[in-house]
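1. return atomic coordinates for the entry below.
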Amino acid sequence: MVRTPLTPEERERGERLGMLLREARGGRSMTEIAASAGISAETLRKIETGRAPTPAFFTVAALARALGLSMDDLATRCVLVEVVDPAA
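-> Purely as a prediction, here's the structure:
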């Protein structure tokens, strides 16, 4: 099965998710949070750096739980805001 290429918006949303998770992790180690979420540190690294821009729902839910974040907050903060060109 061939996966459809991601849109620029999907990539940007993935980068935003990674940034939010990285900020929430703060000074805690990647290994600690990954273990708490039941994923590998490499998977967390890929999500945080945007190399895995569309992680599985249950992976995101486990990370949110491990970091004390709500899924609603993550979803809201990852929504892309359309920038309107005033010259248009």
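2. got the buried residues for the longest helix belonging to the chain?
-> Using DSSP state H, we find that the single longest helix of the chain is helix 8-25. Residues of helix 8-25 classed as buried: R13, G14, E15, R16, L17, G18, L20, L21, R22, A24, R25 (neighbour count, 16 or more other Cβ atoms under 10 Å). In this view, the C-beta of every residue, glycine as well, is placed from N, C-alpha and C.
3. I'd like to know which elements that helix is packed against.
-> Using 3 or more Cβ pairs under 8 Å, 6 or more residues apart in numbering; DSSP states H and E as the contact test, the elements touching helix 8-25 are helix 41-49, helix 57-67, helix 71-78.
4. just put the ones you listed in a markdown table and tack on mean pLDDT, mean neighbour count and distance to V2.
-> What follows is those, written out as a markdown table (pLDDT from 0 to 100; neighbours: other Cβ atoms under 10 Å; distance: least, Cβ to Cβ, whole Å):
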| stretch | mean pLDDT | mean neighbour count | distance to V2 |
| --- | --- | --- | --- |
| helix 41-49 | 96 | 18 | 20 |
| helix 57-67 | 96 | 17 | 22 |
| helix 71-78 | 90 | 13 | 26 |
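5. need those in a markdown table (columns: distance to M30).
-> Shown next, in a markdown table, are those (distance: least, Cβ to Cβ, whole Å):
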| stretch | distance to M30 |
| --- | --- |
| helix 41-49 | 5 |
| helix 57-67 | 11 |
| helix 71-78 | 18 |
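6. secondary structure class for P53?
-> coil (DSSP: H, G, I helix; E, B strand; the rest coil).
7. for it, give its distance to L67.
-> 18 Å (Cβ to Cβ, to the nearest Å).
8. P55 now?
-> P55 is 14 Å from L67, by Cβ to Cβ.
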